[in-house]
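A.B. asks: Any chance you could fold what I've pasted below:
(one chain, ligands or ions: 1)
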Amino acid sequence: MKIFTNIFASLSIVLLLGACSNSTEATKAKNIAFVDSLISKMTLEEKLGQMTQVDRQFLNDISDISKYGFGSLLSGGGSTPEVNEPKAWAEMYDSYQKEALKSRLQIPLLYGIDAVHGHNNVVGATIFPHNIGLGATRDPKIVEAVARATALEVAATGIDWDFAPCLAVPDDYRWGRTYEGFSEDTELVTELGGAAVRGYQSANINNPNSVLACAKHFIGDGGTSFGTGLNKLIDRGNLAVSEDELRKRHLPPFQKAIDEGVATFMAAYNTWNDLKCHANKFLLTDLLKEELGFKGFVVSDWAAIEEIPGDYKSDIITSINAGIDMVMVPGAVKFGNESYENFLKLFKESVDEGLIPMNRIDDAVRRILMIKKQSGLFERPFSDQSLLTYIGSQNHRQIAREAVQKSMVLLKNKNDMLPLPKSGKKIIVAGRGADNIGMQSGGWTISWQGEMGNTTDGTTILEAIRSAVNDETSVEYSVDGKGVTGDVAVVVIGEKPYAEMEGDRKDLKIAKEDLAVISRFSDKNIPVVVVLLSGRPMIVTEELDEWDGFIAAWLPGTEGAGVADVLFGDYNPTGKLSFSWPKNMDQFPINPEDDHLYKFGFGLSY
Ligand code: GLC
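C.D. replies: Next up, the predicted model:
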């Protein structure tokens, strides 16, 4: 009897698998037929419209969405609805989608946004640690959980597409985007980047609670040389490496993203050996689409094609022929960039004059429509506002708190001064980062650059310390450290928020005003634990001796309780540096063999 049962069981598994793969095959065939049929009906203007992405803030009129048949809209950093709260985002999304469905073929639009550490443009959303902190967790499970929660909060506002994860491998912290990278180490970026893609997209992009991910920026933005970038600094600079080095150091995270089924790629602003990535057919077509077999679509970065040498028309021709499938125009006339009307005019001229072949247009449109079809956008074009309750939910904030705990790196603990006692001592809290949600969240928070102050809902480190102790009166707060005394001082300092090139710096020393706050205590022999809020390791070599405790907190986001959990030992620190910690400014680009202040992988526990 047993044998019969086993045979029956294995037979049904084979039949089930067969049925599944048939249904997958059947779905694939159905999608191909659908896209082929749609393309066969499209005019050239409709095809070029699908390859156009515009920022909603630059729409001259909402009716332009159906008039030009835009394939996509985006919210660049800070491009928010009038009232910045979750329901208003969902209503805004639905209004644009309704307009898109008025087009002749009723093709729904994809809406993209940078939700790089939570749904970070939306007030009330959970803000998670930036990637530099997630890198220190060394934990792909928490990275996947963070991405999953982010995807749900983004999907709750209707938005379909997240320009994340950033898969840069930064080796020079003078770059303002260092914190968007998980690590200096290719293997770690590969592992955590893959986990992020799984979290954002779940097992199937047809899942209504998931979003399309975007492997960015392809390729090598983390390896550019200082002095070759904008304003002779480093962002959007030149990557001067051999193809072997590019394949070894920068390509693996993108290969992993493809293996995980990432739906989209974003091209990088930087040049590789003086050729713009947006103009590089070898990278975008021969390597990415042919050799690696990437089947999704490639979007340009914000007005990036305009940085290709030549006039705007030649930029369009060069970038589309190189393999860009959708152009993030984004129509920013007020920023001195090109309008979407001019883009479409020159784009059509280029095709009519045979300067962009029709088969390139059809390939790009097919890629875009296939992703739309596979993601269920045609069947479910509108938001599901029942999901709004997930935005900023306690469950998500708990996930964020755990990620914060695991991202903290304990670098110094003289005389085991940490963990702090919850009673019996007077604890001073000082520093401009102690009671500052904006500073603990960093760039890409509510606005593009982020800002200091009470920018969104969350728990500051000071509030968390106050909740952690047994008697609130044992906590004295003074932002500049003046007028208070006590048994131990927690001084929270670091970098003001920034994003992209605004964070490029020649010098990574701690600000004098921050050092002055620390000295107010160390000069009186009050033990000091410094909590550093920064988007990168900073130069602390000369000052470190005066510090009794030192924790790298990176940019933890809204859940400051995770920092207090480590300070009071409710979580025994496990974080390990995902970036080597340099002694001075002469150690860039980072060489792991150098004699650093703290090595890659360093981190203490209690
Ligand atoms: C920015 C960034 C890119 C982002 C895009 C849209 O300039 O380079 O990471 O996804 O524009 O905001």
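A.B. asks: Endpoints of stretch 56-69, how far apart?
C.D. replies: End-to-end span of stretch 56-69 (Cα to Cα, to the nearest Å): 14 Å.
A.B. asks: same thing with stretch 312-331?
C.D. replies: Using Cα to Cα, the end-to-end distance of stretch 312-331 comes out at 13 Å.
A.B. asks: now do stretch 407-424
C.D. replies: Taking Cα to Cα, stretch 407-424 runs 28 Å from one end to the other.
A.B. asks: I'd like to know which residues of this structure are adjacent to the ligand.
C.D. replies: Contacts of the chain with the ligand, taken as Cβ under 6 Å from any ligand atom, map to 76-77, 114, 163, 216, 301-302, 500. Glycine gets a C-beta too; all of them are placed from N, C-alpha and C.
A.B. asks: among those residues, which are in strands?
C.D. replies: Lys216 (DSSP state E).
A.B. asks: How many residues are close by the closest residue to the ligand within the stretch 51-200 of the chain?
C.D. replies: As assessed by Cβ to the nearest ligand atom, the ligand sits closest to Phe163 within the stretch 51-200 of the chain, at 3.5 Å. By other Cβ atoms under 10 Å, the residues close to Phe163 number 24.
A.B. asks: One more: the one 3 residues further on?
C.D. replies: By the other Cβ under 10 Å criterion, the neighbourhood of Cys166 contains 26 residues.
A.B. asks: buried set for the helix or strand where Lys47 lies?
C.D. replies: Using DSSP states H and E, the element containing Lys47 is helix 44-50. Residues of helix 44-50 classed as buried under the neighbour-count rule (16 or more other Cβ atoms under 10 Å) are 46-50.
A.B. asks: Likewise for stretch 65-83?
C.D. replies: Those would be 65-66, 68-81, for stretch 65-83 by 16+ other Cβ under 10 Å.
A.B. asks: on that earlier part again, toward the C-terminus, what is the element adjacent to the helix holding Lys47?
C.D. replies: Defined by DSSP H and E, the subsequent element after helix 44-50 is strand 52-55.
A.B. asks: before we move on, back to that, can I get the residues of the chain next to the ligand in CSV including pLDDT and distance to Ala136?
C.D. replies: Formatted as CSV, the residues of the chain next to the ligand follow (pLDDT from 0 to 100; distance: Cβ to Cβ, whole Å):
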residue, pLDDT, distance to Ala136
Gly76, 95, 28
Gly77, 91, 24
Asp114, 98, 22
Phe163, 98, 23
Lys216, 99, 21
Asp301, 98, 27
Trp302, 97, 29
Glu500, 98, 22
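A.B. asks: In a markdown table: the residues of the chain next to the ligand, plus distance to Ile446.
C.D. replies: A markdown table is the format used below for the residues of the chain next to the ligand (distance: Cβ to Cβ, whole Å):
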| residue | distance to Ile446 |
| --- | --- |
| Gly76 | 13 |
| Gly77 | 9 |
| Asp114 | 12 |
| Phe163 | 17 |
| Lys216 | 21 |
| Asp301 | 21 |
| Trp302 | 18 |
| Glu500 | 16 |
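A.B. asks: Among the residues of the chain next to the ligand, which one sits closest to Arg520?
C.D. replies: The closest of the residues of the chain next to the ligand to Arg520 turns out to be Glu500 (Cβ to Cβ; 34.4 Å).
A.B. asks: my read: the closest one touches Tyr179, true?
C.D. replies: No. Contact criterion Cβ atoms under 8 Å: Glu500 and Tyr179 do not qualify, at 11.0 Å.
A.B. asks: Quick check: neighbours shared by those two?
C.D. replies: Jointly contacting Glu500 and Tyr179 under the rule Cβ atoms under 8 Å, 6 or more residues apart in numbering are Gly443.
A.B. asks: who's more crowded, these two?
C.D. replies: Tyr179 (31 against 20).
A.B. asks: State the helix or strand in which the residue nearest to that one when sequence neighbours are not counted lies.
C.D. replies: Excluding the flanking residues, the one nearest Tyr179 by Cβ to Cβ, 6 or more residues apart in numbering is Gly535, at 3.3 Å. Assigned by DSSP H and E, Gly535 belongs to no helix or strand.
A.B. asks: so what's Leu288 up against?
C.D. replies: 218, 254, 265, 294, 298, 323.
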